[in-house]
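Novice: sequence and computational prediction follow.
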Amino acid sequence: MKLHELRDNPGATKTKKRVARGPGSGKGKTAGRGIKGQKSRSGVAINGYEGGQMPLYQRLPKRGFNKPNRKSFAVINLSIIQKFIDAGKLDAANITEDSLVESGAVRRKLDGIRVLAKGEITAKATISVTGASKSAIEAVEKAGGALTVAAAAE
């Protein structure tokens, strides 16, 4: 067997249908798209359209409610606060929302910063933020610090 004799198994490959290549191809001129209209043009995908039948997303029951004025909090874990204190980027004596943003521990404040209890904190830190989980407050107090939660500014 030589290189030029190599062939795929019969039926293993299928030749691509070449449309718009003249009338002899059987798919010339309009290339099987019919005449005019949105679907004959390029770049058209009518998602969710079911030919006039009520689309699936409209047939299914709607559930739940999205509160339009809900608050969105930036979240930080205790382990990250501890890491930043160890690195000297945060002063454990006075950690505020502004100092967390300044140090880079949190990207932006949003409607406030909420502290969660993932990880451990060993430093005696005084933290004042908009929100915190009960377990985070307990963990900070256990380490000898204080975590105060201020009401979110409306």
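Specialist: It's in. Numbering: from 1, shown residues only.
Novice: near residue 124, how many other residues are there?
Specialist: By the criterion of other C-beta atoms under 10 Å, residue 124 has 13 neighbours. Every residue, glycine included, has its C-beta placed from N, CA and C.
Novice: would you mind measuring from it to residue 74?
Specialist: Going from residue 124 to residue 74 by C-beta to C-beta, to the nearest Å gives 24 Å.
Novice: and residue 103, by the same measure?
Specialist: Distance, residue 103 to residue 74, by C-beta to C-beta: 13 Å.
Novice: neighbour count for these two, which is higher?
Specialist: A direct count of neighbours by other C-beta under 10 Å for residue 103 and residue 74 places residue 74 higher, at 20 against 17.
Novice: just confirm that one is within a helix.
Specialist: No - if the criterion is DSSP: H, G, I helix; E, B strand; the rest coil, then residue 74 is strand and not within a helix.
Novice: check what pLDDT the closest residue to residue 149 other than its chain neighbours gets.
Specialist: Nearest non-adjacent residue to residue 149, counting by C-beta to C-beta, 6 or more residues apart in numbering: residue 132, 5.3 Å away. The score at residue 132 is 92. That number is its pLDDT.
Novice: ok, residue 73 - contacts?
Specialist: Each residue near residue 73 by C-beta atoms under 8 Å, 6 or more residues apart in numbering is listed here: 110-114, 130-131.
Novice: one step back: does the residue nearest to residue 149 touch residue 121 like I think?
Specialist: No - between residue 132 and residue 121 there is no contact under C-beta atoms under 8 Å: 11.8 Å.
Novice: ok, those two, which is more surrounded?
Specialist: Comparing residue 132 with residue 121 by other C-beta under 10 Å, the one with more neighbours is residue 121, at 26 against 23.
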